[in-house]
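In: Turn this into a model:
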Amino acid sequence: MGIKNESLELAISLEEKGHAYYEKHAENAVNPLVKKVLKSLGAQELDHVEKIKQIAEGKEIEEDYEPSDIESEVKEVFEEFSDKEREGWKEENVDVYEHAMELEKDIYQVYERLAEETDDPKEKEFFEALMEEEDKHYESLQNVYYYFTRPGDWFAQEESKVWNWMNM
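Out: Next up, the predicted model:
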């Protein structure tokens, strides 16, 4: 038994909405760090849509599938600028980050509920994999949000989740 069509359609809809949100706000971002994070997240949401569509068509996702590494992409941008230039980065789009973190939490909770409700092991595995991806997105957003808005909170985060290289 495959994954239910309603579940696949819901997952596709959520991912497409996430993509549209990130793309819209990336276009308006001035800060290069903000722009890169939002663009990377938007690209990953589109990638999720393609993977979900493959599953909907009955195709297997490659075992070695690895989403792009947002942290590495952001670090590359971060290192292009001097400490002095980074000091000038303002708390741009704070409300976008707050909303995006809520969006990621909401999507995670939908996938969590769907994983709990299904009796199909393949469907459960599918939603758990999506939960893991959304959790990574949340961590990426949280790192940059705290870096800009509440550096004390950023330093207090669990060490394994903090991008220590952002320490100026």
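In: From now on I want contacts and neighbour counts done on CA atoms only, so please keep to that.
Out: Fine.
In: tell me which element the closest residue in space to E27 that isn't next to it in sequence is part of?
Out: Nearest residue to E27 in three dimensions, chain neighbours excluded: K35, at 7.3 Å (Cα to Cα, 6 or more residues apart in numbering). Remark: K35 resides in helix 32-56, with elements defined by DSSP states H and E.
In: Just give me how far that helix sits from the chain centre.
Out: What separates the centre of helix 32-56 from the centre of its chain is 8 Å, taken as Cα atoms, centre = their mean, to the nearest Å.
In: Return the residues in contact with the residue nearest to the spatial centre of the chain.
Out: Central residue check for the chain by Cα atoms, centre = their mean: the C-alpha nearest the mean position is that of H137, 2.3 Å away. The neighbours of H137, taking Cα atoms under 8 Å, 6 or more residues apart in numbering as the test, are 41, 104.
In: and stretch 50-68, what's its mean pLDDT?
Out: Taken as a whole, stretch 50-68 carries a mean pLDDT of 69.
In: likewise stretch 19-30?
Out: Regarding stretch 19-30, the rounded mean pLDDT is 92.
In: Give me the contact list for that stretch.
Out: Residues from elsewhere that reach stretch 19-30 (Cα under 8 Å, 6+ apart): 34-36, 38-39, 41-46, 92-93, 96.
In: In terms of distance to A115, which of these ranks first?
Out: Using Cα to Cα, E45 comes nearest to A115 of those, at 19.1 Å.
In: now the closest one: how far from L130?
Out: For E45, the distance to L130 under the criterion Cα to Cα, to the nearest Å works out to 10 Å.
In: Of the contacts of stretch 19-30, which pair is most distant in space?
Out: In those, two members sit farther apart than any others by Cα to Cα. They are L46 and E92, at 24.4 Å.
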